[in-house]
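*Asks:* what follows is a predicted structure for the sequence shown.
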Amino acid sequence: MTADEIDALIMALPGAEHGTAYGEPCWRIAGKFLTRLRAEDDSLALDVGDRERRDLLLEVDPEVFHLTDHYRSYSYVLIRIARVDPEWLKAELARRWRKVAPAKLGKAHPELGVAD
């Protein structure tokens, strides 16, 4: 995937907006941080829920998923956008959307399901 394709995928989510986090461009959902693209390695930094799940992704597909020391103590994984399966990423972004979207927004978009 390209950065433009990632942007289109994220901006299609209800409440999506461009923003900044720590001086870097990012995407937000109704003002809450969703993800950011790391220009230094064309990777998306995404919270996948817990470190065990993150570690499993790292083990299963190190060509797509990687980590830096900065993210080691968090449940974030770095996703190489050129190698990620677009359908997996779409589902994962929807999963993360459910976690960060305000309840009112979530109720207005039941097609995205409920938080797990």
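*Replies:* Arrived safely.
*Asks:* and Phe65, how many neighbours?
*Replies:* 22 (other C-beta atoms under 10 Å). The C-beta positions use only the backbone N, C-alpha and C, and glycine is treated the same way.
*Asks:* can I assume it is in contact with Arg53?
*Replies:* No: Phe65 is beyond contact range of Arg53, at 10.7 Å (criterion: C-beta atoms under 8 Å).
*Asks:* for stretch 6-18, what is the distance to the chain centroid?
*Replies:* 11 Å (C-alpha atoms, centre = their mean, to the nearest Å).
*Asks:* start at 42, not 1
*Replies:* Yes, from this point I'll number from 42; that puts the last item at stretch 47-59.
*Asks:* list the buried ones in the helix or strand of the chain with the lowest mean pLDDT?
*Replies:* One helix or strand of the chain scores below all others by mean pLDDT, DSSP states H and E: helix 144-149, with a mean of 91. For helix 144-149, burial by neighbour count (16 or more other C-beta atoms under 10 Å) applies to Leu146, Gly147.
*Asks:* again with stretch 73-81
*Replies:* So for stretch 73-81, counting by 16+ other C-beta under 10 Å, buried means Phe74, Leu75, Thr76, Arg77, Leu78.
*Asks:* host element of the fourth one?
*Replies:* Think Arg77. strand 73-79 (DSSP states H and E).
*Asks:* list the contacts of Ala71.
*Replies:* Gly56, Glu58, Val141, Ala142, Pro143, Leu146 (C-beta atoms under 8 Å, 6 or more residues apart in numbering).
*Asks:* with adjacent residues omitted, what lies nearest to the last one?
*Replies:* Looking back up the chat, that one is Leu146. Gly56 (5.0 Å; C-beta to C-beta, 6 or more residues apart in numbering).
*Asks:* centre-most residue in this structure?
*Replies:* Leu87 (3.7 Å; C-alpha atoms, centre = their mean).
*Asks:* quick one: pLDDT of the nearest residue to that one once chain neighbours are set aside?
*Replies:* Once flanking residues are discounted, Leu87 sits nearest to Thr76: 4.9 Å by C-beta to C-beta, 6+ apart. In this model, Thr76 is scored at 98, pLDDT.
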